[in-house]
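# What would the 3D arrangement of this be:
(2 chains)
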Amino acid sequence: MTPALSIDHLFVRYGRTDVVKDVSFSAKPGESYALVGESGSGKSTILRSVVGMVRDWRGKIEVDGMPRQGRIDLAFARHCQMIFQDPYASLHPRRTVDATLLEPLKVHGIRDRAERVVQMMQDVGLDPRFRFRFPHQLSGGQRQRVAIARALMLEPRLLLLDEPTSALDVSVQAEILNLLVRIREERNLTYVLVTHSLPVVSFLCDRLGVLRHGRLVEEAGVSALRTGTFAEPYSQELYDASLGAGDRDLAALQEATRGMGM
Amino acid sequence: MTPLKLWLTADAPTSRWQAQAAQAYAIWRSFARNPLAVLGALIVGTLIVVAIFAPVLAPYTPVGQNLSMRLMPPSAEHWLGTDELGRDILSRILYGARITLLIVVMVAVISAPIGLIIGAVAGYFGGWTDRVLMAITDVFLSLPKLIMALAFVAALGAGLQNAIIAIAITAWPAYARIARAETLTFRNSEFIAAVQLQGASHLRVIGVHVLPLCMSSTIIRVTLDMAGIILTAAGLGFLGLGAQPPLPEWGAMISRGRSFILDQWWVATMPGFAIIIVSLGFCFLGDGLRDVLDPRQRDGR
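Sure thing, here's the model as predicted:
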């Protein structure tokens, strides 16, 4: 089976330094893969290289068996979409929700636009009343739902998520995480998630890769998170730190997600 | 609250059109709070009305000569007096509004789109495109406006049309600079990346997503520049390089009145007032628009 995303010996360079060094991993179709690490470990940079926002990279990136090179074409756009960290920066400030969601349909010449927009808004839990609002009239969680809806408009197979919940407060995080779990089940999507929050990984992912200073130091199943057994000392350190600082977050998150009836 | 107001301030607009109208209404509300801006809008509105209805409003024809009535001071018959050929100055000023409005509108229509597109393209693509386009812009920007307009009119020949072209050529670089600066602020933002990721072409990204965000600062700048454009046109007219006689262009009227400025002051002063009032009107309007449209001040709302 061709992997949905396969990255082979990837190096990414900012200026004169390599911020990603010799990273290789792949995500099978239907799998949810997490890249975790501290800030500056190069995890977002990997996603940005995949979608062409970062151009100075070497190595091999294959999306659905097709090597990535140059511009984004329509076929790539239909296969792979991305959700960004900050829902305040990822929506065009002068376009209504309707215009934002119509845009991919117009670019791809897809018909029945109005019906699709309304349907998608319902699918991501946005009240259709918000259809003609501008982003500044929406809350952070609603904006992130719009961003998710926009990414889903083209019915992609692979979704890249760049810290999709870290800009939101905890109760909203839980709602968005539940939504992400639900749409992955409904649409059989492949997720590649970047985050620094291990609770999010354990909630959303099957497998994780630990990045440190641009290198992939360990890959593990999500069960390692439950038992707390990592082979690499750095991963263990990260896990322990997360237990110390993130314990309450995890508890709060689990509390909140349970409350949502998941 | 009236139904219209309720419709305009609706929490959940039901159509694209209503959302746009509500947006415009919010802008209008904050605009109306600024008295100077409203005064500017009134002056500019008056200019437009006068230009359209000049034949109805003017008591005499702007070119009709009456040598027995030459250089008459302001009176009940000729409110602003007559010039050296016995033409009614009020009528000439009213008709002159047409020429002023024509110059201002044509210059804006020609130079603003050129500046916007060049600036947005330079800012969006960056690299060599940016360097080449901005080098050209800087060359034009480094020359004084009036001098360059003079040079172009001298090369193209005197006349209203050439004056408009000359002023437009000197006006666009400022807009290109603004559009580029504006584009650079969101060039690498995620909402632009998201559209690119949907497979939109460069043309579509620039036209549909980048240009609308550059519009408001360009509109502000164009409005503020209007005063300068009117003065440049008047300057060209004064030097005899703009509108040719007997067209009632305000700058040319001042130029003709110069010879009588000590004894018959009204001949040069009245068109001068017209120029000052209209220039001020555009300045007030531009300032008001800046307060309302400037994205840096709007973000919080």
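
# Give me the three-state assignment for the spatially most central residue of chain A.
Among the residues of chain A, A:Leu161 comes closest to the average C-alpha position under C-alpha atoms, centre = their mean, at 0.8 Å. The three-state assignment at A:Leu161 reads strand, by DSSP: H, G, I helix; E, B strand; the rest coil.

# so it makes contact with A:Leu180?
Yes. Assessed by C-beta atoms under 8 Å, A:Leu161 is found in contact with A:Leu180 at 7.3 Å. C-beta here means a position set from N, CA and C on the backbone, and glycine is covered the same way.

# any idea which helix is longest in chain B?
helix B:89-125 (DSSP state H).

# Against which helices or strands is that one packed?
Contacts defined by 3 or more C-beta pairs under 8 Å, 6 or more residues apart in numbering or on different chains; DSSP states H and E place helix B:89-125 against helix B:35-57, helix B:127-142, helix B:160-186, helix B:211-238, helix B:250-257, helix B:266-293.

# Looking at those helices, spot the one closest to chain A.
Among the helices and strands packed on helix B:89-125, helix B:211-238 comes nearest to chain A, with 5.6 Å by C-beta to the nearest C-beta.

# re the thing from before, can you list residues touching both of A:Leu161 and A:Leu180?
Residues touching both A:Leu161 and A:Leu180 (C-beta atoms under 8 Å, 6 or more residues apart in numbering or on different chains): A:Tyr191.

# quick one on the thing from earlier: winner for burial among the helices and strands packed on helix B:89-125?
helix B:250-257 (a mean of 24; mean count of other C-beta atoms under 10 Å in any protein chain shown).

# roughly how far out does it sit from the chain middle?
21 Å (C-alpha atoms, centre = their mean, to the nearest Å).

# Let me know the angle separating it from helix B:89-125.
In terms of direction (axes from the mean of the first three to the mean of the last three C-alpha atoms, to 10 degrees), helix B:250-257 departs from helix B:89-125 by 140 degrees.

# I'd like the average pLDDT over helix B:250-257.
The average pLDDT within helix B:250-257 is 89.

# Can you check the pLDDT for B:Asp299?
45.

# Kindly report the same for A:Glu155.
pLDDT recorded at A:Glu155 is 92.

# if we can go back for a sec, how about the helices and strands packed on helix B:89-125, which one is nearest A:Pro199?
Closest to A:Pro199 of the helices and strands packed on helix B:89-125, according to C-beta to C-beta: helix B:160-186, at 32.9 Å.

# which bits of chain A sit near chain B?
Proximity of chain A to chain B, by C-beta under 8 Å from any C-beta of the partner chain, involves residues A:51-53, A:72-74, A:76-78, A:81-82, A:84, A:86, A:89-96, A:98-99, A:103-104, A:107-108, A:129-130, A:132-134, A:136, A:147, A:150, A:154.

# let's go with 6 Å and repeat that
Selection of chain A residues close to chain B by C-beta under 6 Å from any C-beta of the partner chain yields A:51, A:53, A:72, A:74, A:77, A:82, A:84, A:89-92, A:94, A:96, A:104, A:107, A:129, A:132.

# Just those: which are in strands?
A:Met82 (DSSP state E).

# Quick check: phi and psi at the residue of chain B most remote from its centre.
Going by C-alpha atoms, centre = their mean, the residue of chain B most distant from its centre is B:Ser68, 39.1 Å out. For B:Ser68, the backbone dihedrals (degrees, to the nearest 10) come out as phi -80, psi -20.

# if I look at it, how far off is chain A?
62 Å (C-beta to the nearest C-beta, to the nearest Å).

# which of the residues of chain A next to chain B are buried?
By neighbour count, with 16 or more other C-beta atoms under 10 Å in any protein chain shown, the residues of chain A next to chain B hold A:51, A:53, A:72, A:77, A:82, A:84, A:89-92, A:94, A:96, A:104, A:107, A:132 as buried.

# nearest to B:Ala22, of those residues?
For these, the nearest to B:Ala22 is A:Phe132 (8.7 Å; C-beta to C-beta).

# wait, what's in contact with the closest one?
Counting by C-beta atoms under 6 Å, 6 or more residues apart in numbering or on different chains, A:Phe132 touches A:Thr96, A:Asp98, B:Pro13, B:Ala19.

# Out of the residues you listed, name the two that are farthest from one another.
A:Asp98 and B:Pro13 (9.5 Å).

# Have a look at those two and say which one is more surrounded.
Each of A:Asp98 and B:Pro13 has its neighbours counted (other C-beta atoms under 10 Å in any protein chain shown); B:Pro13 has more, 25 against 22.

# Please tell me I have it right and B:Ser216 contacts B:Leu293.
Yes. With contact defined as C-beta atoms under 6 Å, B:Ser216 reaches B:Leu293; the gap is 3.9 Å.

# Now the terminal residues of stretch B:63-78, how far apart.
14 Å (C-alpha to C-alpha, to the nearest Å).

# Only the buried residues of that stretch, if you could.
Buried positions in stretch B:63-78, judged by neighbour count with 16+ other C-beta under 10 Å: B:Met69, B:Leu71, B:Met72, B:His78.

# and of those residues, the nearest to B:Phe282?
Proximity of the buried residues of stretch B:63-78 to B:Phe282 (C-beta to C-beta) peaks at B:His78, which lies at 28.4 Å.

# State the number of residues packed around the residue of the stretch 151-262 of chain A found nearest chain B.
Chain B sits closest to A:Leu154 of the stretch 151-262 of chain A, with a gap of 6.8 Å, by C-beta to the nearest C-beta. If you count neighbours by other C-beta under 10 Å, A:Leu154 ends up with 20.

# now swap in the one 4 residues further on and tell me
For A:Leu158, the tally of surrounding residues (other C-beta under 10 Å) stands at 21.

# same thing with A:Gln122?
For A:Gln122, the neighbour count with other C-beta under 10 Å is 12.

# Okay, now the unreliable bits of chain B?
Residue ranges of chain B with pLDDT under 70: B:1, B:294-301.

# where does it come near chain A, residue by residue?
So chain B meets chain A at B:12-13, B:19, B:189-191, B:193-194, B:197-200, B:212 (C-beta under 6 Å from any C-beta).

# residues in contact with the residue lying closest to B:Arg221 once chain neighbours are set aside?
Spatial nearest neighbour of B:Arg221, chain neighbours left out: B:Ile178 (5.5 Å); criterion: C-beta to C-beta, 6 or more residues apart in numbering or on different chains. Residues in contact with B:Ile178 (C-beta under 6 Å, 6+ apart) are B:Ser217, B:Thr218, B:Arg221.

# circling back: in contact with the residue nearest to the centre of chain A, which residues?
For A:Leu161, the contact set (C-beta under 6 Å, 6+ apart) comprises A:Ile83, A:Leu193.

# Equivalent analysis for B:Ala233, please.
Contact analysis of B:Ala233 by C-beta under 6 Å, 6+ apart lists B:Ile103, B:Gly242.

# one more time with 10 Å, if that's ok
Residues in contact with B:Ala233 (C-beta atoms under 10 Å, 6 or more residues apart in numbering or on different chains) are B:99-100, B:102-104, B:107, B:149, B:160, B:163-164, B:166-167, B:242-243, B:249-252, B:275.

# Check the burial of residue 4 by counting its neighbours.
You didn't pick a chain, so chain A it is. By other C-beta under 10 Å, the residues close to A:Ala4 number 26.

# I was after chain B.
B:Leu4 has 10 nearby residues by other C-beta under 10 Å.
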